[in-house]
Structure formats: structure tokens, C-alpha cells
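> One predicted model, sequence on top.
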Amino acid sequence: MLNLMKLELKKMKLGWYYRGAVIANLCILGFICLIASEEKKLPQPEVMTDATSTLFLLGTFVRSVFVVFASVLIAKLIISEYKNKTITVMFTYPISRKKLIAAKLLITGGLTFITIMVSEIALSFIFAQINQYYQLTPAMLSVQTIGQEVGSMAIYAASAACLSFIPLYFGMRKRSVPAAIISSVILTILISQQSPELSLATIIYIPLSLGAIGILIAIWSVRNIDREDAL
């Protein structure tokens, strides 16, 4: 499986993904700074009240963006290959179809998880430095504070990586790339409707539930791949 994933990664051209990730992170950082500067004008901050709420907001933006990125990956790696019938060529290789699709899904999930984690940690440190100089928010963001949140970041990143498989179901129904991307946008709306005022045990069940659904869809897709009519 690892060798198959390595071959898929060599075949993939991910330059657009890396460039898009950098641009997206810069936009997220700018948007967070804009929100903080606007809140600074208020008598009392409403959203970025402390370090936890600030990091939660930043993480929500990051996860939402890269769930959409994951749907584009799925569209390129799986759906478009079925739609253009190029997948039939790959199915002639002496490799199990199930392993081939599983490798593509593992690449998507793994890349999404890593990108979310790297983005959240990097943006947290960068915003902490900006906030130290410009005092955009009363939140005291330190290395220790960010370090304490790494565990919850990993949980949310893992659930986001798993729920990113959900658009595969909608995209494969009609071999539709737009359906996959639109469904991912709807998912980002769902995972954004959470409040940092609630406890972790209360707010985490939504992304974890969606993540479980995503895993089930991935398993279903791999198991039923031999029944798919690729011709």
C-alpha cells in the first residue's frame, strides 16, 4: 500500500495544492487580523475574547478551507478519472482496484490532516507575534498556550480529514465534480456552526460524527469499487 501511495504521489502534480495552501493561509491570517482589529474598536471583544476562542476561530477557518481543498483532490484523483474514463486504464494494471482507490483516499486524508495541522500551528505562532506588537486582541497567545491546544487541534484535524471523504459520495452518484465541491462547502458551513463558549466534549461531537460518516463512506467506496461501472 505504501509503495502504491508513493507511486500515486509521484504521478500527482501537487504544485497547485501547495501554492493554494500558502495563498489560503495568507488570506486566513489577513482575515483573522481584520476581525481582531475591528473587535479592538469595540468596548468589549465579542469573538476573540481569550486565547482559546482566538485559536478556535483560526482553526475553524483553516479546517473549512482545507475540507474544500480535499474535495478538489478527490475530484481530481477519483471522480474526474471516472468521468473521463481514464480510470479504466489504471484498472488494467496488475493491482487491486480496492487498493488503488484506498491509496487515493489515504493520500487525500493524510495530506488534509498534515496541511491542517501545519497551517494551524504556523498561523497561531505568526498571529501571536503580530498580536504581541500590535495588541489586536487581549488574548495572551504564547508558545505554552499554543502547545496546550495542539491535542485538540489534532482531534479536529483528524475529524476534518475523515469528513472530507463525504463529498466522494455525492460526487460519485452522478460522476459530478461540482457536486463534490458544493457538498464540501455545505460541510464547512456545518462545522463552522459551533461556539467556543461550549465545552470541548459538547462541541467535538459534531465533527467527530461527520468524521465517522466520512470513514464509513470511504469504506463503502472501497468495498463497492468492483461494482462501479467505469465503462
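Yes, it's here. Quick caveat: nothing in here was measured; it's all calculated off a predicted structure.
> in the chain, what secondary structure element scores lowest on mean pLDDT?
In the chain, no helix or strand scores lower on mean pLDDT, DSSP states H and E than helix 200-203, which sits at a mean of 49.
> Let me know the next secondary structure element after it.
Of the helices and strands lying after helix 200-203 in sequence (DSSP states H and E), the nearest is helix 205-223.
> For that next one, enumerate the helices and strands it packs against.
With contacts taken as 3 or more Cβ pairs under 8 Å, 6 or more residues apart in numbering; DSSP states H and E, helix 205-223 sits against helix 97-134, helix 143-163, helix 166-173, helix 177-192. The C-beta positions use only the backbone N, C-alpha and C, and glycine is treated the same way.
> closest one to residue 225 among these?
helix 97-134 (4.9 Å; Cβ to Cβ).
> Summarise which helices and strands that closest one is packed against.
Using 3+ Cβ pairs under 8 Å, 6+ apart, helix 97-134 sits against helix 2-11, helix 15-40, helix 51-74, helix 143-163, helix 205-223.
> What distance do you get for residue 181 to residue 73?
11 Å (Cβ to Cβ, to the nearest Å).
> Return the residue of the chain that is most distant from the centre.
Ranked by distance from the centre of the chain (Cα atoms, centre = their mean), the top residue is residue 43, with 34.5 Å.
> tell me the secondary structure for it?
Under DSSP: H, G, I helix; E, B strand; the rest coil, residue 43 falls in the coil class.
> can you list the helices and strands packed on helix 205-223 in CSV and add distance to residue 81 and mean neighbour count?
Below are the helices and strands packed on helix 205-223 laid out as CSV (distance: least, Cβ to Cβ, whole Å; neighbours: other Cβ atoms under 10 Å):
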stretch, distance to residue 81, mean neighbour count
helix 97-134, 9, 19
helix 143-163, 21, 18
helix 166-173, 11, 22
helix 177-192, 11, 17
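> okay, these in TSV with distance to residue 62 next?
Putting the helices and strands packed on helix 205-223 into TSV (distance: least, Cβ to Cβ, whole Å) gives the following:
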stretch	distance to residue 62
helix 97-134	5
helix 143-163	9
helix 166-173	18
helix 177-192	11
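> what about the helices and strands packed on helix 97-134, which gets the closest to residue 172?
helix 205-223 (7.0 Å).
> If you average the pLDDT over the closest one, what comes out?
Helix 205-223 comes out with an average pLDDT of 86.
> For that helix, buried residues please.
207-208, 210-211, 214-215, 217-218, 221-222 (16 or more other Cβ atoms under 10 Å).
> Low-confidence stretches in this protein?
Residue ranges of the chain with pLDDT under 70: 87-94, 193-203, 226-231.
> Now with 50, please.
Low-confidence segments of the chain (pLDDT under 50): 196, 199-202, 229-231.
> so can I have a markdown table of the helices and strands packed on helix 97-134 showing distance to residue 136?
Converted to a markdown table, these look like this (distance: least, Cβ to Cβ, whole Å):
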| stretch | distance to residue 136 |
| --- | --- |
| helix 2-11 | 39 |
| helix 15-40 | 4 |
| helix 51-74 | 10 |
| helix 143-163 | 16 |
| helix 205-223 | 27 |
